[in-house]
Structure formats: C-alpha cells, structure tokens
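*Asks:* have a look at this fold, sequence not included:
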C-alpha cells in the first residue's frame, strides 16, 4: 500500500509541474526544437528569473532536460509522450464543449 501511495504522489508531482499555463507553453515550445532561456523568455514575455523558475520545475519533474552548448544552456523536452497527455486533455475539452452545445441546442 505504501508503494502505491508513493506512486500516486509521484504522478501528482508530474501533473502539478504541468499545472500552469506558462509551463504548458514551455512544454509545447520545447516539443519541436531545443531553446535557450533567452529565446524562451522572449517567447513567454516574462523575465528571465520567472522563466528559469518554470524550467526548473519542469526539469525537477523529469519532463525536460538541459544541455550546455558553449556559454548557453538549451532546454529540450525529455519525455515526448507528455504531448500525448496534452492531446488527451484537448479531447476532454472538446467533449465538454460538445456537451455544452448539446444542452444549449
């Protein structure tokens, strides 16, 4: 039972790491190509320390990794199947919208 509880808590930790719009954006941005913090900061439109904090949360959850290239650090999606989960979330949202439309119509 303890192992099961620990597994559920670990899963919740990954979900918590994804549970922020900026972090979801970063996961999507890193799905295609690696980016450095400066690029991501510009894309997000936030300061470097904020973006770095979000990247740290995603990295600690095991979703992204960093690689030093010269003087810059590049981030990339470590686990591409995270995008499958986001596709599942989109399916839930589409179903909710469909059900709302059925009630209205």
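*Replies:* Perfect, thanks for sending it. Please read all numbers here as calculations on a predicted model, not as lab measurements. Numbering: from 1, shown residues only.

*Asks:* give the contact list for residue 59.
*Replies:* 65-66, 75 (CB atoms under 8 Å, 6 or more residues apart in numbering). Every C-beta, even on glycine, is put in place using the N, C-alpha and C of the backbone.

*Asks:* in ChimeraX, select just the buried ones from those.
*Replies:* Buried subset of those, written as a ChimeraX selection, criterion 16 or more other CB atoms under 10 Å:
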select :66,75
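
*Asks:* poorly predicted segments of the chain, please.
*Replies:* Within the chain, no stretch has pLDDT under 70.

*Asks:* what segments of it are helices?
*Replies:* With helices called from DSSP state H, the chain shows them at 2-18, 21-32, 37-44, 48-60, 82-104.

*Asks:* between those helices, which one is nearest to residue 71?
*Replies:* Residue 71 sits nearest to helix 37-44 of all the helices of the chain, at 11.1 Å, using CB to CB.

*Asks:* does anything pack onto the closest one? Which helices or strands?
*Replies:* Where contact means 3 or more CB pairs under 8 Å, 6 or more residues apart in numbering; DSSP states H and E, helix 37-44 is packed against helix 21-32, helix 48-60, strand 72-77.

*Asks:* look up phi and psi at residue 78.
*Replies:* phi -90, psi -40 (degrees, to the nearest 10).

*Asks:* thinking again about what came up before, from the contacts of residue 59, which single one is nearest residue 33?
*Replies:* Ranked by distance to residue 33 (CB to CB), the contacts of residue 59 are led by residue 75 at 10.3 Å.
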